[in-house]
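K.L.:
quick one: sequence plus predicted model below, questions after.
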Amino acid sequence: DAMVIQNPRYQVTQFGKPVTLSCSQTLNHNVMYWYQQKSSQAPKLLFHYYDKDFNNEADTPDNFQSRRPNTSFCFLDIRSPGLGDAAMYLCATSRSGTPYEQYFGPGTRLTVT
Amino acid sequence: GEDVEQSLFLSVREGDSSVINCTYTDSSSTYLYWYKQEPGAGLQLLTYIFSNMDMKQDQRLTVLLNKKDKHLSLRIADTQTGDSAIYFCAEKKNFNKFYFGSGTKLNVKP
(Lines give C-alpha, C1' and ligand atoms only; values in the text may rest on other atoms or scores of the structure.)
Protein backbone atom coordinates (compact mmCIF):
# COMPACT_ATOMS: atom_id res chain seq x y z
CA ASP A 1 0.00 0.00 0.00
CA ALA A 2 1.14 3.50 -0.78
CA MET A 3 1.92 5.31 2.39
CA VAL A 4 3.90 7.80 4.44
CA ILE A 5 6.47 6.20 6.74
CA GLN A 6 8.23 7.85 9.65
CA ASN A 7 11.24 6.50 11.46
CA PRO A 8 11.76 6.08 14.25
CA ARG A 9 8.34 6.12 15.93
CA TYR A 10 9.93 7.07 19.23
CA GLN A 11 13.16 8.99 19.64
CA VAL A 12 14.93 9.96 22.83
CA THR A 13 17.73 12.49 22.67
CA GLN A 14 19.71 14.48 25.18
CA PHE A 15 19.48 18.19 25.65
CA GLY A 16 21.64 19.81 22.99
CA LYS A 17 22.41 16.59 21.10
CA PRO A 18 21.51 16.82 17.39
CA VAL A 19 18.80 14.51 16.19
CA THR A 20 17.38 13.63 12.78
CA LEU A 21 13.90 12.38 12.07
CA SER A 22 13.09 10.79 8.74
CA CYS A 23 10.06 10.54 6.50
CA SER A 24 9.58 8.58 3.33
CA GLN A 25 6.63 8.24 0.99
CA THR A 26 5.58 5.88 -1.75
CA LEU A 27 2.84 8.15 -3.05
CA ASN A 28 5.11 10.12 -5.39
CA HIS A 29 3.66 13.35 -4.06
CA ASN A 30 5.57 16.49 -4.86
CA VAL A 31 4.81 18.37 -1.63
CA MET A 32 6.09 17.27 1.77
CA TYR A 33 5.40 18.90 5.13
CA TRP A 34 6.74 18.78 8.67
CA TYR A 35 4.45 19.62 11.57
CA GLN A 36 5.14 19.85 15.29
CA GLN A 37 2.31 18.74 17.56
CA LYS A 38 2.44 19.24 21.30
CA SER A 39 0.02 17.62 23.65
CA SER A 40 -3.58 18.86 23.22
CA GLN A 41 -2.47 21.42 20.65
CA ALA A 42 -2.94 21.93 16.96
CA PRO A 43 -0.33 20.54 14.59
CA LYS A 44 1.89 23.49 13.76
CA LEU A 45 3.43 23.76 10.32
CA LEU A 46 7.21 24.08 10.53
CA PHE A 47 8.06 24.06 6.81
CA HIS A 48 7.26 22.36 3.56
CA TYR A 49 8.89 21.44 0.30
CA TYR A 50 7.17 22.11 -2.97
CA ASP A 51 9.23 19.87 -5.22
CA LYS A 52 12.75 20.99 -4.34
CA ASP A 53 11.71 24.43 -3.15
CA PHE A 54 11.99 24.85 0.60
CA ASN A 55 9.38 27.03 2.34
CA ASN A 56 10.01 27.95 5.94
CA GLU A 57 7.35 29.31 8.27
CA ALA A 58 8.34 32.69 9.67
CA ASP A 59 8.13 31.54 13.28
CA THR A 60 9.99 28.23 12.87
CA PRO A 61 13.12 28.40 15.06
CA ASP A 62 16.50 28.33 13.33
CA ASN A 63 17.24 25.23 15.38
CA PHE A 64 15.04 23.30 12.94
CA GLN A 65 16.34 22.42 9.50
CA SER A 66 15.12 20.16 6.75
CA ARG A 67 16.54 18.27 3.80
CA ARG A 68 14.83 16.64 0.87
CA PRO A 69 17.39 14.68 -1.13
CA ASN A 70 14.80 13.23 -3.51
CA THR A 71 11.05 13.01 -4.03
CA SER A 72 10.60 10.14 -1.62
CA PHE A 73 12.57 11.25 1.41
CA CYS A 74 12.49 14.24 3.72
CA PHE A 75 14.46 14.77 6.94
CA LEU A 76 13.95 17.00 9.95
CA ASP A 77 17.15 17.99 11.71
CA ILE A 78 17.04 19.53 15.17
CA ARG A 79 20.48 20.96 15.74
CA SER A 80 20.37 21.53 19.50
CA PRO A 81 17.19 20.14 21.00
CA GLY A 82 15.79 21.88 24.03
CA LEU A 83 13.24 20.58 26.50
CA GLY A 84 10.61 22.66 24.70
CA ASP A 85 11.18 20.70 21.51
CA ALA A 86 9.73 17.53 22.99
CA ALA A 87 6.67 16.84 20.85
CA MET A 88 5.15 14.63 18.19
CA TYR A 89 6.56 15.39 14.77
CA LEU A 90 4.27 14.66 11.87
CA CYS A 91 5.25 14.32 8.25
CA ALA A 92 2.63 14.75 5.54
CA THR A 93 2.54 14.70 1.77
CA SER A 94 0.22 16.03 -0.86
CA ARG A 95 -0.03 16.39 -4.59
CA SER A 96 -0.18 19.96 -5.74
CA GLY A 97 -3.58 20.83 -7.13
CA THR A 98 -7.14 20.53 -5.88
CA PRO A 99 -8.29 19.36 -3.43
CA TYR A 100 -4.84 19.37 -1.80
CA GLU A 101 -5.44 16.29 0.32
CA GLN A 102 -2.70 15.67 2.83
CA TYR A 103 -1.60 12.19 3.81
CA PHE A 104 0.05 11.89 7.21
CA GLY A 105 2.59 9.51 8.61
CA PRO A 106 2.11 8.04 12.10
CA GLY A 107 4.49 10.57 13.64
CA THR A 108 7.70 10.42 15.66
CA ARG A 109 7.43 11.17 19.34
CA LEU A 110 10.55 13.01 20.46
CA THR A 111 11.61 13.03 24.11
CA VAL A 112 14.41 15.33 25.26
CA THR A 113 16.16 14.39 28.48
CA GLY B 1 -4.65 35.90 14.49
CA GLU B 2 -4.18 32.53 12.85
CA ASP B 3 -6.03 30.43 15.42
CA VAL B 4 -8.56 27.92 14.17
CA GLU B 5 -10.82 27.29 17.14
CA GLN B 6 -12.59 24.16 18.29
CA SER B 7 -14.17 23.08 21.52
CA LEU B 8 -11.95 20.61 23.35
CA PHE B 9 -14.35 17.82 24.29
CA LEU B 10 -17.59 16.21 23.19
CA SER B 11 -19.27 13.22 24.77
CA VAL B 12 -22.18 11.36 23.17
CA ARG B 13 -23.93 8.04 23.53
CA GLU B 14 -23.58 5.34 20.91
CA GLY B 15 -26.23 5.74 18.23
CA ASP B 16 -26.66 9.47 18.77
CA SER B 17 -25.46 12.12 16.35
CA SER B 18 -22.29 14.06 17.09
CA VAL B 19 -21.73 17.62 15.96
CA ILE B 20 -18.23 19.04 16.11
CA ASN B 21 -17.82 22.75 15.48
CA CYS B 22 -14.96 24.84 14.21
CA THR B 23 -14.36 28.53 13.60
CA TYR B 24 -11.71 29.33 11.05
CA THR B 25 -9.88 32.53 10.39
CA ASP B 26 -9.59 33.34 6.72
CA SER B 27 -12.64 34.01 4.59
CA SER B 28 -10.52 33.47 1.50
CA SER B 29 -9.59 29.91 2.47
CA THR B 30 -10.49 27.75 -0.50
CA TYR B 31 -10.70 24.35 1.13
CA LEU B 32 -11.65 23.25 4.61
CA TYR B 33 -10.95 19.81 6.00
CA TRP B 34 -11.83 17.43 8.75
CA TYR B 35 -9.21 14.98 10.02
CA LYS B 36 -9.44 12.16 12.55
CA GLN B 37 -6.59 11.14 14.84
CA GLU B 38 -6.69 7.92 16.79
CA PRO B 39 -4.26 7.28 19.67
CA GLY B 40 -0.71 6.76 18.49
CA ALA B 41 -1.59 7.40 14.86
CA GLY B 42 -1.21 10.19 12.36
CA LEU B 43 -4.05 12.31 11.06
CA GLN B 44 -6.47 10.70 8.63
CA LEU B 45 -8.42 12.84 6.20
CA LEU B 46 -12.15 12.25 6.65
CA THR B 47 -13.65 14.76 4.28
CA TYR B 48 -13.21 18.22 2.82
CA ILE B 49 -15.41 20.95 1.44
CA PHE B 50 -14.74 23.55 -1.18
CA SER B 51 -15.55 27.07 -0.12
CA ASN B 52 -18.27 27.56 -2.74
CA MET B 53 -20.34 24.79 -1.15
CA ASP B 54 -22.67 25.03 1.84
CA MET B 55 -22.96 21.35 2.57
CA LYS B 56 -21.35 18.06 1.72
CA GLN B 57 -22.59 14.62 2.69
CA ASP B 58 -20.49 11.47 2.66
CA GLN B 59 -22.18 8.42 4.17
CA ARG B 60 -22.50 9.14 7.92
CA LEU B 61 -20.64 12.42 7.67
CA THR B 62 -22.23 15.79 6.90
CA VAL B 63 -20.17 18.94 6.63
CA LEU B 64 -21.84 22.33 6.90
CA LEU B 65 -20.08 25.54 5.94
CA ASN B 66 -21.20 29.04 6.87
CA LYS B 67 -18.81 31.35 5.10
CA LYS B 68 -20.33 34.51 6.49
CA ASP B 69 -19.58 33.40 10.06
CA LYS B 70 -16.48 31.39 9.09
CA HIS B 71 -18.04 28.41 10.81
CA LEU B 72 -17.56 24.78 9.86
CA SER B 73 -19.23 21.78 11.42
CA LEU B 74 -18.98 18.02 11.13
CA ARG B 75 -21.99 15.88 11.92
CA ILE B 76 -21.50 12.18 12.47
CA ALA B 77 -24.75 10.23 12.28
CA ASP B 78 -25.27 7.06 14.32
CA THR B 79 -22.02 7.56 16.23
CA GLN B 80 -20.18 4.35 17.08
CA THR B 81 -17.56 3.59 19.72
CA GLY B 82 -15.05 3.31 16.88
CA ASP B 83 -15.62 6.99 16.18
CA SER B 84 -13.95 7.89 19.47
CA ALA B 85 -10.91 9.95 18.48
CA ILE B 86 -9.68 13.52 18.19
CA TYR B 87 -11.14 15.48 15.28
CA PHE B 88 -9.26 18.37 13.73
CA CYS B 89 -10.55 20.96 11.35
CA ALA B 90 -8.09 22.66 9.03
CA GLU B 91 -8.12 25.44 6.50
CA LYS B 92 -5.95 25.81 3.45
CA LYS B 93 -4.48 29.21 2.84
CA ASN B 94 -2.20 30.36 0.08
CA PHE B 95 0.98 28.61 -0.95
CA ASN B 96 0.15 25.13 0.27
CA LYS B 97 -0.19 26.20 3.90
CA PHE B 98 -2.59 24.45 6.20
CA TYR B 99 -3.67 25.60 9.63
CA PHE B 100 -5.24 23.26 12.13
CA GLY B 101 -7.48 23.67 15.12
CA SER B 102 -6.41 22.16 18.43
CA GLY B 103 -8.80 19.26 18.04
CA THR B 104 -12.03 18.07 19.63
CA LYS B 105 -11.82 14.86 21.60
CA LEU B 106 -14.95 12.81 20.91
CA ASN B 107 -15.86 10.24 23.54
CA VAL B 108 -18.59 7.77 22.57
CA LYS B 109 -20.20 5.99 25.48
CA PRO B 110 -21.73 2.54 24.91
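P.N.:
Nice, thanks for sending it over. Numbers count the residues shown, from 1 in each chain, chains lettered A, B, ... in the order given.
K.L.:
give me the nearest residue to residue 40, chain neighbours excluded.
P.N.:
Since you didn't name a chain, this refers to chain A. Residue nearest to A:Ser40 in three dimensions, not counting chain neighbours: B:Ser102, with 6.7 Å by C-beta to C-beta, 6 or more residues apart in numbering or on different chains. The way it works is simple: take the backbone N, C-alpha and C, and place the C-beta from them, glycine included.
K.L.:
hmm, no, I was thinking of chain B.
P.N.:
Per C-beta to C-beta, 6+ apart, closest to B:Gly40 is A:Pro106, 7.2 Å.
K.L.:
now do B:Ser17
P.N.:
B:Ala77 (5.3 Å).
K.L.:
just give me the neighbour total for the residue nearest to B:Gly40.
P.N.:
Using other C-beta atoms under 10 Å in any protein chain shown as the criterion, A:Pro106 is surrounded by 18 other residues.
K.L.:
need the residues of chain B near chain A, please.
P.N.:
Taking C-beta under 8 Å from any C-beta of the partner chain, the part of chain B that reaches chain A is made up of B:4, B:8, B:31, B:33, B:35, B:40-45, B:48, B:50, B:88, B:92, B:95-103.
K.L.:
identify the bridge partners of B:Arg75.
P.N.:
B:Val19, B:Thr62 (DSSP bridges).
K.L.:
isn't A:Met3 up against A:Gln25?
P.N.:
Yes - here A:Met3 lies in contact with A:Gln25, judged by C-beta atoms under 8 Å, at a distance of 7.2 Å.
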